[in-house]
Each structure stands twice: as structure tokens, then as C-alpha cells.
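S.K.: Have a look at this fold, sequence not included:
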């Protein structure tokens, strides 16, 4: 167990350093004038920049150094766990991340709550009442939902609930009513995939041998489902939920963009636009870290839930 | 009761080659109306990508007088955009990028992934270990963030989008083909072929590729659906095709700000995205049911 965890942790660090290094390479090799992009983001677009200004930007961004020196600097930062300062407004990146990541967490937590509340009963009922109209309805909705790009769903929801009905605000952050539309938009994808998974998991379990044995002992179907089937059917769902938190972060990029939600996704899009190297690096590291930790957590939960896994993980 | 030859009242028809049992029918490709609609929509999407820019009713790039933000009408079924261009024409022409690019992404990812999976599965040993470790590393990072970083930093445009989505698209194929390869190479007929001196190229061509092809095609169809969503997603975030060229996600990005004044502009261009993604998903499902029941 300990060796397994240590090995996985080493792999995790490798993945993060690898992702960061690839980002460094990408930033170094990207075409286009980075200095110009940074200057425009810093001093406003359409301004005419003097040679001194551009030189100043180049120096402060560290772009005047040759590539090997930039690489050494990058390593220095990685080793010291120093995220640096934003090239645009000079704020420490750690502060910026803390502020924005909190907002994204707010959004993802709400989306996750919606997904849990909706997907578990729907998936379970669809699986138990397999082949009925209710099941077909759920399956059709799930099929539709998985083909729905979340940014378009967001625009649709804004049009219906904010523009036409006027029930909910469309943009920005504020009270709980600001949270509803973006959370529903973000949560739809994982609601659909979780409900699907749970449905097929329930169907598999209900056909399993040991449940036939339970039934033959005369135990009521209700109790068979509630006490025996559900627990087993939830195992894959619990593990998949952890992974889906990662995918929520990914989906948050577009959703934050649609709803003017100033979270980490929006920050990332802006940083890529402005070539704000330290911020891009920090967000890539952060997201890689979240993914790696979640993957690790999934493996450990599996190890804990399913004793059969223990043999294979030494 | 007289003895005599009993006329064969109901002899079963003699099957032509001995008494072969009929195989149970596989489910048909177009087994229900929804699957039929999906096939039609998928074909329409492919057709639009192939000839869309050639059959547009109006020039997708030049404004028409009086059509600025005009609502849908008989002459312009999807209305006009903020510059007075015909939205139907822009959407049709946009299929070239939105669907065509998705096809390119799928072909590139599949080619790279299948090659890597074959190498890993056929070589085995440390090559397999190294390749699969690499695959895991690529899997460990969220696809869309990686694609966004690559496409955003390299700048929009077709080639860069292809690169961005190809980089994050090959791993599933590699895993799939490696798994199939590992199990097929141990089968007797393959072992026998090797004993008879058939080289690896022959084994790959005659045994490993044919064994993988059905599952790979099913995976490609589902991937096509995801790629359409990914490409329009990049476009919506402003990292796709640069204006004025039409692409579904980019059109939605432009239309988003007019949701209060011209709903059709913000909403309608999303329909082809959903419909084509849905259609390729369902087509993938029906292909899987027909040809590759065991495929993931």
C-alpha cells in the first residue's frame, strides 16, 4: 500500500513537471510577437508603443534572455514553488489564483450538487424500470445532453430564463440567483454521463448471479434493489465522480466565458490571449495538480472499496 | 389403412449446403426511425462539409442591404448577422471547417493512435511499457485545456487547430489497438503464421489491422462527434478560425452579444452543432451494435 502510494505520488510529480515543461516549450516556440501581445494587454490595445516601452516589456517579461536562460529560470521557479507575478498587472500569481479559483470552486460545487441530486435518482430509476417509457425518456435526454455543447446550452438558458422570462440574471456574480444558470449549464454534462453510467451499472447488477440467489431466498424485490443492488451499483459512480470534478474545471472555461463569471477559466482564456506566461504556467500546473490528485484519490478509493484490486497494485 | 408412400406433406426446404443452422440476425443498421434520422443527418453534415461552400444561396462574406440583424424570413431562413450577411449561407459554408476539420482531426488522431498502439502491442516489453506510460501522461491532462493552450498560443487557424486536437486525440486509439493486438497476437492462427515465417509487417497487415478495424471505426465515429464539439468550442472562445471566415463556434461567439436584440443570431447557428454531434453519436452506436458489440 505504502509503496503503491509513493510510486503513484512520484508519477504525479512527473506528470506535473512534464505538463509545465511542455507549456514552457509551447510558450517559447509559439509564433507571433509575444512582446506586442503583453504590451497591448498591459497598456491597452491600439496604443502606439515607443521602442523604449517595448524594450521595457521585453525586459520585465524576461524575454530578452536567451532560451537556455529562460529555461533555467523556469526550473528555478518550479523548484522554489514560486509562481511569480502577472506580466500584465504585476500582482503575485498566487493571489490571483486564490481569488479566481475560489469563484470557480463555487461554480463547480454547485454544478456537482446538481449532478448528484439529479443523476442518482434518474439513473437508478431508469435502470430499475429498464425498457419502460421513463427509461426511454431518460436515455433520450442523456443522448441529447451528451451532444450539447455547454456554451450553446448556456446561451439557450440565458435566452429562455433571463431574456424571455426574466426570472434569473444572465451575467456576473452576486447572490444565489446568479449561480443557478451557470451551475445548471456546467452540471448538465456530468449529470448525463453519471446517470448513464449508473443506469448500466444497475442493469448489470440486477442481472448478476448473487442477486438471483438473494431473490430466491424470498427477499422482497424492493429490498433486493435498495439493500443489495444499489450499494454495488454506486461503486463505479463514486469513483467516476472524482474524475468528473476534473472535467467540471475543464467545462468551466466555456461556461465562465458565457456567463461573465470571473473564475479561473476566464483568467486562463485572458492569459492565453495576453501571453501572460506566469499565469498560464500557474494555471496549467494547478489543473494538472487537481487532475493528478483526483486520479490518485480514485485509485485509493478503488483500493479501499474493492478488495480484488489490492492484488494488482503492489 | 393402406401402406404406401406417404406424400411428403410438409417437408422442410432442403438447405443448399447440408443442414446449416441460420445465424441469428444481427440488429440492422437502421433498426428504428431515430437511427434512420441520425444516418440522414450525418450524411447531410458530411455533404455540407464537402459541397457547402459551393451551394450557398448568398455570398457568406458580403453584406446584403437591409439584412442587418434581420429575423428569419422565407428568403433568409436563418436571418442576417450583425453585418447583414445571410446566416444560412454562413452556416452552410462553416460546415467546411466545423465538420471538415473534425474529420481531419479524427483521421490524424486515429492514424497516430493506431500506429502507436500497434507498435506497443506488437513489440511488447519495454517499448510497450514506455509507450503506455507516455499515453497515461497525456491522459492525465484535460483534453480541452491542452487544446486551448496549443491553439491559443499558436494562434487560430486550421493547421494549428488540427495540431491542438490531434495532440490530445490519439491516446484512446492507442489503448484500444494495443489491447486488441495483445490478445490477437497470442491466438493460434497468428502464432502459426509467425512460425511459418510471416514477418511483423505481414502479421500487422493480415491479422492485427483487420482485427482492430471495426472497433477503431466505431471509436472514430464517436470521436467525430466530440471533435465537432471541441472545434466549435475553440471557435466560441475565440481560438478557432479568424473572422470573417465562417465557422459554427465563431458565428455563435459573434452572435452572443446580440441575444437581446436578435435572438436568432445567438441561437440558430448552434443547431447544426448539436444535430451533427448527436447524429454521429447515434451512428456510432448503431455501428457498434451491428459490428463491434464487444468494443468499448
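M.R.: In hand now; what should we look at? Source: prediction; values computed, not measured. Numbers count the residues shown, from 1 in each chain, chains lettered A, B, ... in the order given.

S.K.: got a list of what residue B:57 touches?
M.R.: B:86, B:88, B:89 (CB atoms under 8 Å, 6 or more residues apart in numbering or on different chains). C-beta here means a position set from N, CA and C on the backbone, and glycine is covered the same way.

S.K.: how about it, phi and psi?
M.R.: phi -70, psi -30 (degrees, to the nearest 10).

S.K.: Please spell out the PyMOL selection for the buried subset of the contacts of residue B:57.
M.R.: Only the buried entries of the contacts of residue B:57 go into this PyMOL selection, using 16 or more other CB atoms under 10 Å in any protein chain shown:
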select buried, chain B and resi 86+88+89
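
S.K.: Filter the contacts of residue B:57 down to the ones in strands?
M.R.: Secondary structure from DSSP state E places none of these in strands.

S.K.: Among the contacts of residue B:57, which are located in helices?
M.R.: Cross-referencing the contacts of residue B:57 against helices under DSSP state H gives B:88, B:89.

S.K.: For the stretch 101-250 of chain B, which residues are neighbours of chain A?
M.R.: B:137, B:140-145, B:148-150, B:152-155, B:225, B:229, B:232-233, B:236-239, B:249 (CB under 8 Å from any CB of the partner chain).

S.K.: Buried subset of those residues, written for PyMOL?
M.R.: To isolate the buried members of these in PyMOL, using 16+ other CB under 10 Å:
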select buried, chain B and resi 137+140+141+142+143+144+145+148+149+150+152+153+154+225+229+232+233+236+237+238+239+249
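
S.K.: before we move on, which element is residue 223 in?
M.R.: Picked chain A for this. helix A:221-223 (DSSP states H and E).

S.K.: You answered for a different chain; I wanted chain B.
M.R.: Using DSSP H and E, residue B:223 falls in helix B:209-236.

S.K.: relative orientation of the following helix or strand past that helix and helix B:209-236 in degrees?
M.R.: Proceeding N to C from helix B:209-236, the next assigned helix or strand is helix B:248-256, under DSSP H and E. Angle, helix B:248-256 to helix B:209-236, by axes from the mean of the first three to the mean of the last three CA atoms, to 10 degrees: 20 degrees.

S.K.: Briefly note if the following helix or strand past helix B:248-256 comes near chain A.
M.R.: Sequence-wise, the next helix or strand downstream of helix B:248-256 (DSSP H and E) is helix B:263-267. Yes. Judged by CB under 8 Å from any CB, helix B:263-267 comes into contact with chain A through B:263, B:266, B:267.

S.K.: Tell me the one of those nearest residue A:283?
M.R.: residue B:266 (28.5 Å; CB to CB).

S.K.: Name all residues that make contact with the closest one.
M.R.: A:155, A:159, B:252, B:255, B:256, B:257, B:258, B:259.

S.K.: What mean pLDDT does the helix holding residue A:223 get?
M.R.: Averaging pLDDT along helix A:221-223 gives 75.

S.K.: Write out the residues of the stretch 51-200 of chain A neighbouring chain B.
M.R.: Checking the stretch 51-200 of chain A against chain B by CB under 8 Å from any CB, the hits are A:143-144, A:146-149, A:151-152, A:155-156, A:158-159, A:163.

S.K.: Give the residue spans of chain A that score low on pLDDT.
M.R.: Scanning chain A for pLDDT under 70 picks out A:1, A:32, A:45-47, A:305-314.

S.K.: what's the pLDDT at residue B:221?
M.R.: pLDDT, residue B:221: 91.

S.K.: number of nearby residues for it?
M.R.: 20 (other CB atoms under 10 Å in any protein chain shown).

S.K.: Disregarding residues adjacent in the polypeptide, which is nearest to it?
M.R.: residue B:284 (3.4 Å; CB to CB, 6 or more residues apart in numbering or on different chains).

S.K.: so what's the one you found up against?
M.R.: With CB under 8 Å, 6+ apart, residue B:284 has these contacts: B:218, B:221, B:222, B:224, B:225.

S.K.: I figured the second one hits residue B:286, correct?
M.R.: No. With contacts counted by CB atoms under 8 Å, residue B:221 stays clear of residue B:286, the gap being 9.2 Å.

S.K.: Thought residue A:22 was touching residue A:288, still the case?
M.R.: No. Look at residue A:288 against residue A:22 with CB under 8 Å: they stay out of range, at 10.1 Å.

S.K.: what about those two, which has more around it?
M.R.: Legend: neighbour count by other CB under 10 Å for residue A:288 and residue A:22, higher for residue A:288 (23 against 18).

S.K.: Would you state the secondary structure element containing the more buried one?
M.R.: Using DSSP H and E, residue A:288 falls in helix A:277-305.

S.K.: Buried residues in that helix, which are they?
M.R.: A:277-288, A:290-292, A:294-296, A:298-300, A:302-303, A:305.

S.K.: No further queries at this time; thank you.
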